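Q: only geometry, no sequence info:
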């Protein structure tokens, strides 16, 4: 199993909307590195949902429901992809960017090193730390 973090501006697409819809195709990614990460996602991989821009916090856990497929929002003839994500559960305590920056165990997390990337991998231990900070009980 692999672990990921996806970012969305809550004004554009929030965790609450994601939950209300029961899932979504993660479309609109137009960065080559992020696209390559989408291609690596497999069903049952776990994904942290991060509210960017205004909230700047991890708010929930999602799951990859289907592997990468052509992005229906992309221009014809291009190779952009999307994955199907479904919500699993909200974090009891959202984990803010400030809290992430304070935790010595997360100094190498991609969120801090490549802050503009909208899809990024997480190491298993980073995922576990974020769940701990979010007070998630499995």
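A: Noted; the coordinates are in hand. Everything numeric here is computed off the predicted structure, so don't read it as measured data.

Q: from here on, contacts and neighbour counts on C-alpha atoms
A: OK.

Q: ok, which stretches of the chain are strands?
A: 3-8, 24-26, 46-51, 57-70, 81-96, 119-122 (DSSP state E).

Q: ranking those by burial, who's on top?
A: Burial of those is given as mean neighbour count (mean count of other Cα atoms under 10 Å); strand 46-51 ranks first at a mean of 26.

Q: specify the angle between that one and strand 81-96 in degrees.
A: Here strand 46-51 runs at an angle of 70 degrees relative to strand 81-96 (axes from the mean of the first three to the mean of the last three Cα atoms, to 10 degrees).

Q: what's the angle from strand 46-51 to strand 57-70?
A: Relative orientation of strand 46-51 versus strand 57-70 (the same axes, to 10 degrees): 120 degrees.

Q: note down every partner strand of strand 46-51 and its orientation.
A: Paired with strand 46-51 in the same sheet, following DSSP bridges, are strand 3-8 (parallel), strand 57-70 (antiparallel).

Q: name the surrounding residues that touch the first one.
A: Just to be clear, that refers to strand 3-8. Strand 3-8 has contacts (Cα atoms under 8 Å, 6 or more residues apart in numbering) with 14, 45-52, 118-124, 127.

Q: that strand: how far from the chain's middle?
A: Centroid separation between strand 3-8 and its chain, computed with Cα atoms, centre = their mean, to the nearest Å, is 1 Å.

Q: before we move on, what about stretch 78-86?
A: On Cα atoms, centre = their mean, the centre of stretch 78-86 falls 13 Å from the chain's centre.

Q: just stretch 111-125 next, same as before
A: 9 Å.

Q: what's the average pLDDT for that stretch?
A: Regarding stretch 111-125, the rounded mean pLDDT is 96.

Q: who touches that stretch?
A: Taking Cα under 8 Å, 6+ apart as the rule, stretch 111-125 contacts 2-8, 29, 31, 34-35, 37-38, 101, 109-110.
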